[in-house]
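Peer 1: The following comprises the amino acid sequence and a computationally predicted model.
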Amino acid sequence: MTVPPPYGGYPPPYGYAPPPPPPGYPPPRPTNALAVASLICAFLIAPLGIVFGHISLSQIKRSGEEGRGMAIAGLVIGYVLTVLGTLVLIFTIVVTRLLLQDFRNGLDRYEWNPTITAAPAAGQPLPPFQPPVNLGANCQYPATTEAAVRPVRPPRVGKVPTTPATVNAVITTDRGVIPVMLDNAKAPCTVNNFASLAAQAYFNGTPCHRLTVGADLGVLQCGDPSGTGKGGPGYQFPNEYPTNQYRLTDPAAKTPVVYPRGTLAMANAGPGTNGSQFFLVYKDSELPPTYTAFGTIAAPGLAVLDRIAASGVAGGGDDGKPADPVNITTVRVQ
């Protein structure tokens with residue numbers, strides 16, 4: 001006798017079998033850890049974000065993991081920030097070097113003699129020369145915003161010799177020959193500049209654009225090829241003697257002193273703005289000690305200057321163009 005199975009218990013194919021469970025979604029793919037690290041490091045340490053980004057892309061390609069978008073974003077951000085950081089670093093280095101150089105130039109310019117502290121009365125002679133420690137050690141001729149009136153190369157930079165103490169030169173004009181002796185021992189950077197300009201024929205064929213015949217000032221000014229009094233070589237350089245005998249804040253640095261007859265000095269628009277213009281003093285002249293005295297004029301040259309001064313200033317007055325034009329034909333440094 002066969003006993004029927006419990007209700008609903010017939011085995012298949014006669015009984016009812018429950019359907020298989022519906023298929024579920026496949027498990028999500030994991031996100032590549034280095035892709036996450038690449039995106040984070042791109043903001044913190046950009047080069048590291050680039051490295052992680054390349055490694056993660058290689059891993060994702062092999063494993064099929066998620067995170068390709070993050071890896072690419074990390075790479076892009078990392079490269080951009082690396083380039084920007086490099087540019088900022090280069091800019092910082094350049095600016096720092098310029099600031100340091102300007103600071104050194106300032107030290108060169110205002111090296112002072114501690115024995116000169118009180119402001120002398122106007123009309124005192126030039127101060128005794130006390131050689132600064134760094135005299136001629138770092139001559140610099142930085143470019144100006146104004147272009148050179150005549151094409152010319154700046155002088156050699158860096159250390160220049162202070163020997164020989166004097167160097168002979170001849171300024172030949174259409175009014176006569178003016179022999180001068182350049183004071184290399186007191187103003188080596190200035191003499192270096194004058195010799196460089198002369199060697200490049202910068203002064204040849206240029207006018208002496210200004211003559212003064214006042215009671216306290218008697219000079220002939222030259223060295224500007226434009227003849228306007230505003231032209232220069234496209235660079236500038238610091239003052240030397242007598243400016244470097246004073247502290248920057250010393251009131252004596254602004255008190256007029258006597259530049260004696262026969263002085264060759266640089267014209268400028270303020271300390272540190274020397275270029276190519278110079279003046280020849282034919283009578284004792286009172287000026288602040290802010291004009292570099294870099295030579296002396298021999299007796300034959302003073303006789304030429306006396307004749308030029310006797311002709312007076314064009315249109316009368318004490319200051320202006322010479323009544324009889326004066327032109328430099330050549331300048332030779334021997």
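Peer 2: Thanks, I have it.
Peer 1: the strands in the stretch 51-200 of the chain, which residues?
Peer 2: 124-125, 166-173, 176-183 (DSSP state E, counting those that start in this stretch).
Peer 1: winner for burial among the ones you listed?
Peer 2: strand 176-183 (a mean of 20; mean count of other CB atoms under 10 Å). (Each C-beta comes from the backbone N, C-alpha and C, glycine too.)
Peer 1: Quick check: neighbours of that strand in the sheet, parallel or antiparallel?
Peer 2: strand 166-173 (antiparallel), strand 293-297 (antiparallel) (DSSP bridges).
Peer 1: For the closest residue to residue 280 other than its chain neighbours, give the beta-bridge partners.
Peer 2: Leaving aside its sequence neighbours, residue 280 sits nearest to residue 220 (CB to CB, 6 or more residues apart in numbering; 4.9 Å). Under DSSP bridges, the beta-bridge partners of residue 220 are residue 211, residue 280.
Peer 1: now the strands of the stretch 51-200 of the chain as a markdown table including mean pLDDT and distance to residue 189?
Peer 2: What follows is these, written out as a markdown table (pLDDT from 0 to 100; distance: least, CB to CB, whole Å):
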| stretch | mean pLDDT | distance to residue 189 |
| --- | --- | --- |
| strand 124-125 | 94 | 23 |
| strand 166-173 | 98 | 13 |
| strand 176-183 | 98 | 12 |
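Peer 1: Out of those strands, which gets nearest to residue 142?
Peer 2: Residue 142 sits nearest to strand 176-183 of all the strands of the stretch 51-200 of the chain, at 22.7 Å, using CB to CB.
Peer 1: The strands of the stretch 51-200 of the chain into JSON lines, with extra columns for distance to residue 42?
Peer 2: Compiled in JSON lines, the strands of the stretch 51-200 of the chain are given as follows (distance: least, CB to CB, whole Å):
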{"stretch": "strand 124-125", "distance to residue 42": "68"}
{"stretch": "strand 166-173", "distance to residue 42": "62"}
{"stretch": "strand 176-183", "distance to residue 42": "62"}
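Peer 1: Closest to the mean position in the chain, which residue would that be?
Peer 2: residue 142 (5.0 Å; CA atoms, centre = their mean).
Peer 1: Against which helices or strands is the lowest-mean-pLDDT helix or strand in the chain packed?
Peer 2: The helix or strand of the chain with the poorest confidence is helix 68-109; it has a mean of 74 (mean pLDDT, DSSP states H and E). Counting by 3 or more CB pairs under 8 Å, 6 or more residues apart in numbering; DSSP states H and E, the packing neighbours recorded for helix 68-109 are helix 33-44, helix 46-63.
Peer 1: tell me which residues in stretch 282-297 are buried?
Peer 2: With burial defined by 16 or more other CB atoms under 10 Å, the residues of stretch 282-297 counted as buried are 282-287, 289-297.
Peer 1: For that stretch, measure first residue to last.
Peer 2: 9 Å (CA to CA, to the nearest Å).
Peer 1: Likewise for stretch 176-192?
Peer 2: For stretch 176-192, the end-to-end distance is 25 Å (CA to CA).
Peer 1: returning to what we had before: dump the strands paired with strand 176-183 to a markdown table, plus distance to residue 187.
Peer 2: Below are these laid out as a markdown table (distance: least, CB to CB, whole Å):
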| stretch | distance to residue 187 |
| --- | --- |
| strand 166-173 | 11 |
| strand 293-297 | 4 |
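Peer 1: So which of those strands is nearest residue 214?
Peer 2: Nearest to residue 214, of the strands paired with strand 176-183 and by CB to CB, is strand 293-297 at 19.1 Å.
Peer 1: Okay, helices next: where are they in the stretch 201-334 of the chain?
Peer 2: With DSSP state H, counting those that start in this stretch as the criterion, the stretch 201-334 of the chain has helices at 299-311.
Peer 1: which residues does the closest residue to residue 29 other than its chain neighbours contact?
Peer 2: Leaving aside its chain neighbours, residue 29 sits nearest to residue 66 (5.2 Å; criterion: CB to CB, 6+ apart). Going by CB atoms under 8 Å, 6 or more residues apart in numbering, residue 66 touches 28, 29, 30, 31, 32, 35, 60.
Peer 1: Residue 137: which of those is nearest?
Peer 2: residue 35 (57.3 Å).
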